[in-house]
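Enquirer: Okay, structure incoming, though there's no sequence with it:
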């Protein structure tokens, strides 16, 4: 079946790196995404990676994809208090249609 | 301003009373989608639409209906709401198919409580 799993909480100190991990089960995913949700707001796309890539860097964000282990991670360098939010991992499946499956979200706490 | 709007933002209703949550986008996007967000479960896709008059079920379509009579609007209909449909609902749209680099733009959310 299709499933995306993430740990629910992560706490880091300001200035440290944060690493948020995600595992998925469906190998037919085409794109994998990281979204950020701030309190009371909708979701904002942070970055994405195509399933035939293994790494993507975008300023403070680094996405690593291990397709063999079906493992995706998001590293935030020099984490700031403004990075406190819920981060969702998501995959889009191309199986007769286009479905997007989200993880439960990882709540990142950044301590000053 | 490019945006996805949803109405109402908050709604408290009773079991069995039909309701519609509207969603509208002004970006001429082809792809639109509805999600519900529940604690510990993340977002689950209810229905999506790849174009006018083309809709398809997501992961949790039971108890919901949608329509796409025009490109900009994608209402979510609950014919007979039940308490297990109490949730936070998000509408989203993107230029093309969600299986691409096209960003999905999310609406602000509708918090629905069914008593």
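Expert: Done, it's in. Worth saying up front: this structure is predicted, and the values here are computed from it rather than measured.

Enquirer: Check the average confidence over stretch B:11-27, would you?
Expert: For stretch B:11-27, mean pLDDT is 96.

Enquirer: Residues in contact with it: which ones?
Expert: B:2-8, B:32, B:34, B:72-83, B:89, B:91, B:93, B:95, B:105, B:107, B:110-115 (Cβ atoms under 8 Å, 6 or more residues apart in numbering or on different chains). Glycine gets a C-beta too; all of them are placed from N, C-alpha and C.

Enquirer: let's see 6 Å
Expert: B:2, B:4-7, B:72-80, B:82, B:91, B:93, B:110, B:112-115 (Cβ atoms under 6 Å, 6 or more residues apart in numbering or on different chains).

Enquirer: Those, buried ones only, as a PyMOL selection?
Expert: The PyMOL command for the buried members of those (criterion: 16 or more other Cβ atoms under 10 Å in any protein chain shown) is given here:
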select buried, chain B and resi 4+6+72+74+75+76+78+91+93+110+112+114
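
Enquirer: so who does residue B:60 touch?
Expert: Residue B:60 touches B:44, B:46, counting by Cβ under 6 Å, 6+ apart.

Enquirer: Then the one 4 residues further on?
Expert: By Cβ under 6 Å, 6+ apart, residue B:64 lies in contact with residue B:46.

Enquirer: What pairs with the lowest-mean-pLDDT helix or strand in chain B, parallel or antiparallel?
Expert: Least confident helix or strand, chain B: strand B:105-106 with a mean of 88, by mean pLDDT, DSSP states H and E. Strands flanking strand B:105-106 in the sheet, each with its direction: strand B:87-94 (antiparallel) (DSSP bridges).

Enquirer: Could you tell me how far the strand it pairs with lies from the centre of the chain?
Expert: 5 Å (Cα atoms, centre = their mean, to the nearest Å).

Enquirer: and what of stretch A:36-44?
Expert: The answer for stretch A:36-44 is 14 Å, by Cα atoms, centre = their mean.

Enquirer: Quick check: the gap between residue A:57 and residue A:107.
Expert: Counting by Cβ to Cβ, to the nearest Å, the separation of residue A:57 from residue A:107 is 24 Å.
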